[in-house]
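Colleague: Here's my sequence, what's the structure:
(one chain, ligands or ions: 1)
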Amino acid sequence: MKSMNYILSTIISLCFVLTMKAQSPYSLPALPYSYSALEPNIDSTTMWIHHTKHHQAYINNLNQALQGTEAGNLSLNDLMSQISKHSVAIRNNGGGHYNHSLFWTVLTPNKNTKPGKDLMEAILAQYTSLDSLKSLINKAASTRFGSGWAWLSVSADGKLLVSSTANQDNPLMDVVTEKGIPILGIDVWEHAYYLKYQNKRGDYLNAIWNVVNWDEVTRRYHEVIPKKKGKFDEWPEIKTFHKSMSETFHPSEEGNLTPVRSRSNELLQNAIALSKSKIPTQFNNKGVQSAVKKLVDGSKALDKLVKNKASDKAITQSLSKLHDTFHLIVEECSH
Ligand SMILES: [Fe+2]
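Modeller: From the prediction side, this is the model:
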C-alpha cells in the first residue's frame, strides 16, 4: 500500500511538473557576459535590472498570457509573424521577450568587432559608409517618440532596412509596416539607459556603438543571406597551390629565398595535383588547360634549380616566371 501511495504521488508530481512546463514555455536566457562587462557604456546596475527584472517580467507575463491558448505551441518567430491573431498581452510581452533575447546577443564587451565582408559590402552599397548607417539608426532611435526600438533588418527583397517600432513591436510582426528579419535591435526604452544617461538618449545611442557585437549581427545576416561563394571554392587544388605560391613568392620579393628553397618540391607536388584535378566546368577552357601544363613545367624547372643549388638570381627569376604563369591561369579563368 505504501509503495502504491509512493507511485501515485510520483505520478501526480510528474503531471504537475509537466503541466507547469506546458504553461511556462519561456524562461530567461543567460547573459553571454557579466552585468558589468559593458561598463562604462552600459552600467552594471542597468544591465542587472534590465535583465533580471524587466526581461523576466516580459517572460512571466508572456507565460501567463499564453495559458489556455494554442499560441504556446508556436515558435517565438512564428508567434511574432502572426501576432495580429493574439491578445495585446501576448503582443507586448512576446515582443518584449523576443526583442530582449536578441538585444543581449548583439552586445559584447569584445572590442573591435566589425561587419563581415558580405554585410559590409551591403552596408556600403546602400548607405555608402558604416558611419552613415549608424547615423540613420540613431536617427530612427532618437526620433522614436516614447518607448520603442530601432532596428537593422533584412527585408524580403534581401536589402538592409533601418526602421523603428513602438513599445515592444518588432519588424517580424505582421502588424508593423516596415517588415524584415531583425539582425540588430537597439532598446530605446528609458529602462535601458535612464540610470546612467537620464534624459540624454543621444549619449546612450552614441555609447552603444562601442559595444555592438558585429560578429553576431553578421552571423544573423548570414542566416538570411547565405555567404557569397569565393570564385575558386569549387576548385580547392588551385587554392592549395596559391597558398604555397604566395608563401614562397612574397618573401622572395623581399630577398628571402629560404621559403622557396625549402618548399619548391611542395610547389611542384601542388602543381601536379592541380593538373590532375577536375577543372570546374566554368573555368574549363583551352587557355586554362595550357596554362596549367605550363605551371607544372615551371614548377619542375624551379624545383630542379633548387635541388642543384642554383644562384639566388636564377631561382628568383624562375619563381617570378612561375608566379606569372599562376596569374595567367587566374586570368584565363575569367574568360
Ligand atoms: Fe528593455
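Colleague: hmm, which helix or strand of the protein has the shakiest average pLDDT?
Modeller: helix 2-23 (a mean of 45; mean pLDDT, DSSP states H and E).
Colleague: Find the nearest non-adjacent residue to whichever residue of the chain sits closest to the ion, please.
Modeller: Relative to the ion, the nearest point of the chain is residue 187 (4.2 Å; CB to the ion). Where you see a C-beta, it was placed from the backbone N, CA and C, and this is true even at glycine. Nearest residue to residue 187, sequence neighbours excluded (CB to CB, 6 or more residues apart in numbering): residue 103, at 5.4 Å.
Colleague: average model confidence for the helix or strand that contains that neighbour?
Modeller: Using DSSP states H and E, residue 103 maps to helix 88-105. The average pLDDT for helix 88-105 rounds to 97.
Colleague: Name the SS class of residue 184, please.
Modeller: Following DSSP: H, G, I helix; E, B strand; the rest coil, we place residue 184 in the strand state.
Colleague: mind listing what it touches?
Modeller: 106, 137, 151, 152, 212, 217, 220 (CB atoms under 8 Å, 6 or more residues apart in numbering).
Colleague: Which ones among these map onto helices?
Modeller: Of those, the ones assigned to helices by DSSP state H are 137, 217, 220.
Colleague: Select from those the one having the most neighbours.
Modeller: residue 137 (24 neighbours; other CB atoms under 10 Å).
Colleague: That one contacts residue 186, doesn't it?
Modeller: Yes. Assessed by CB atoms under 8 Å, residue 137 is found in contact with residue 186 at 6.7 Å.
Colleague: residues shared between the contacts of these two?
Modeller: 150, 151.
Colleague: quick one, strands of the chain?
Modeller: Secondary structure of the chain (DSSP state E): strands at 148-154, 160-166, 181-187.
Colleague: Can you add mean pLDDT and give these back as JSON lines?
Modeller: Output for the strands of the chain, formatted as JSON lines (pLDDT from 0 to 100):
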{"stretch": "strand 148-154", "mean pLDDT": "98"}
{"stretch": "strand 160-166", "mean pLDDT": "97"}
{"stretch": "strand 181-187", "mean pLDDT": "98"}
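Colleague: Any chance of JSON lines for those, columns distance to residue 174?
Modeller: JSON lines is the format used below for these (distance: least, CB to CB, whole Å):
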{"stretch": "strand 148-154", "distance to residue 174": "14"}
{"stretch": "strand 160-166", "distance to residue 174": "13"}
{"stretch": "strand 181-187", "distance to residue 174": "13"}
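Colleague: ok, back up a step: neighbours around the residue of the chain closest to the ion, how many?
Modeller: 25.
Colleague: give the contact list for it.
Modeller: With CB under 8 Å, 6+ apart, residue 187 has these contacts: 50, 99, 100, 103, 149.
Colleague: Over to residue 126?
Modeller: Residue 126 is in contact with 133, 159, 160, counting by CB under 8 Å, 6+ apart.
Colleague: Return the residues in contact with the second one.
Modeller: Looking back up the chat, that one is residue 159. 122, 126.
Colleague: okay, which residue is most central for the chain?
Modeller: residue 219 (1.6 Å; CA atoms, centre = their mean).
Colleague: how close does it sit to residue 302?
Modeller: 42 Å (CB to CB, to the nearest Å).
Colleague: for residue 154, same thing?
Modeller: 48 Å.
Colleague: same question, residue 288
Modeller: Distance from residue 288 to residue 302, by CB to CB: 21 Å.
Colleague: Looking at those two, which is more packed in?
Modeller: Ranked by neighbour count (other CB under 10 Å), residue 288 and residue 302 place residue 302 first, with 26 against 20.
Colleague: Can you tell me which residues in the stretch 101-250 of the chain are near the ion?
Modeller: For the stretch 101-250 of the chain, the contact set with the ion under CB under 5 Å from the ion comprises 187, 189, 192.
Colleague: Show me which of those residues is closest to residue 44.
Modeller: residue 192 (13.7 Å; CB to CB).
Colleague: okay, now the nearest residue to residue 104 once chain neighbours are set aside: neighbour count?
Modeller: Leaving aside its chain neighbours, residue 104 sits nearest to residue 31 (5.5 Å; criterion: CB to CB, 6+ apart). Residues lying near residue 31 (other CB under 10 Å) number 18.
Colleague: what residues are up against residue 31?
Modeller: Taking CB under 8 Å, 6+ apart, one finds 47, 51, 104 in contact with residue 31.
Colleague: and the gap between the last one and residue 213?
Modeller: Right, residue 104. 10 Å.
Colleague: Could you do the second one as well?
Modeller: Distance of residue 51 to residue 213, computed by CB to CB: 16 Å.
Colleague: surely residue 315 meets residue 306?
Modeller: Yes. The pair residue 315 / residue 306 is scored as a contact, 6.3 Å apart, by CB under 8 Å.
Colleague: before we move on, back to that, please tabulate the residues of the stretch 101-250 of the chain next to the ion in JSON lines and include distance to residue 94 as additional columns.
Modeller: Formatted as JSON lines, these follow (distance: CB to CB, whole Å):
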{"residue": "187", "distance to residue 94": "16"}
{"residue": "189", "distance to residue 94": "16"}
{"residue": "192", "distance to residue 94": "19"}
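Colleague: For residue 150, which non-adjacent residue is spatially closest?
Modeller: That would be residue 141: by CB to CB, 6+ apart, it lies 3.5 Å from residue 150.
Colleague: Alright, calling it a day.
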